[in-house]
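A.B. asks: coords please:
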Amino acid sequence: MSGTAEIRMIRASRLVYSGLLFMYPRDLRRRFGIEMSDDFEDSLRAALGEHGVPGAAAMWGIVLWELVSVAVPSRLATTTAMAAAVSCLASSVLFWVLLSAAN
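C.D. replies: Next up, the predicted model:
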């Protein structure tokens, strides 16, 4: 792979990776998003240097596995907690309305 093609691949990969960070919880992205992108770029550069395109593909495999096993469950846990809180609040309001109507 030529140097120019490698640079384009690294830039494009970093852009895609940075976009995928939305799958992580917001607080984590705010605190570590830039560092995560920097680390990804460094790791990808090393993988390409040592193993070429197969190394980059393996690196992306690791990234996708982490998204599926860590980021998505973390995001769903946050969404689930919010849904449970809203459901509880709605149930409480409904209970209060029914109790008020019975008196």
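A.B. asks: all helices of the chain, in order?
C.D. replies: Taking DSSP state H, the helices of the chain run over residues 3-20, 26-66, 72-102.
A.B. asks: got those helices as CSV, with mean neighbour count and mean pLDDT columns?
C.D. replies: Quick note: C-beta positions are derived from backbone N, CA and C, even for glycine. Below are the helices of the chain laid out as CSV (neighbours: other C-beta atoms under 10 Å; pLDDT from 0 to 100):
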stretch, mean neighbour count, mean pLDDT
helix 3-20, 13, 94
helix 26-66, 14, 93
helix 72-102, 10, 69
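A.B. asks: got the contact list for residue 49?
C.D. replies: Residue 49 sits next to residue 55 when contact means C-beta atoms under 8 Å, 6 or more residues apart in numbering.
A.B. asks: any idea how far residue 58 is from it?
C.D. replies: 13 Å (C-beta to C-beta, to the nearest Å).
A.B. asks: kindly report the same for residue 2.
C.D. replies: Going from residue 2 to residue 58 by C-beta to C-beta gives 21 Å.
A.B. asks: what's the answer for residue 26, then?
C.D. replies: 29 Å.
A.B. asks: next one: residue 75
C.D. replies: 25 Å.
A.B. asks: got a list of what the closest residue to residue 36 other than its chain neighbours touches?
C.D. replies: Leaving out its chain neighbours, the residue that sits closest to residue 36 by C-beta to C-beta, 6 or more residues apart in numbering is residue 21, at 6.5 Å. By C-beta under 8 Å, 6+ apart, the residues touching residue 21 are 29, 33, 36, 37.
A.B. asks: nearest to residue 17, of those residues?
C.D. replies: Within the contacts of residue 21, the smallest distance to residue 17 is 6.2 Å, found for residue 37 (C-beta to C-beta).
A.B. asks: from what I can see the closest one touches residue 17, true?
C.D. replies: Yes. Counting by C-beta atoms under 8 Å, residue 37 touches residue 17, with 6.2 Å between them.
A.B. asks: thinking again about what came up before, and the contacts of residue 21, which is closest to residue 101?
C.D. replies: Distance to residue 101 across the contacts of residue 21 (C-beta to C-beta) is lowest for residue 29, with 45.4 Å.
A.B. asks: before I go, just wanted to say thanks for your time.
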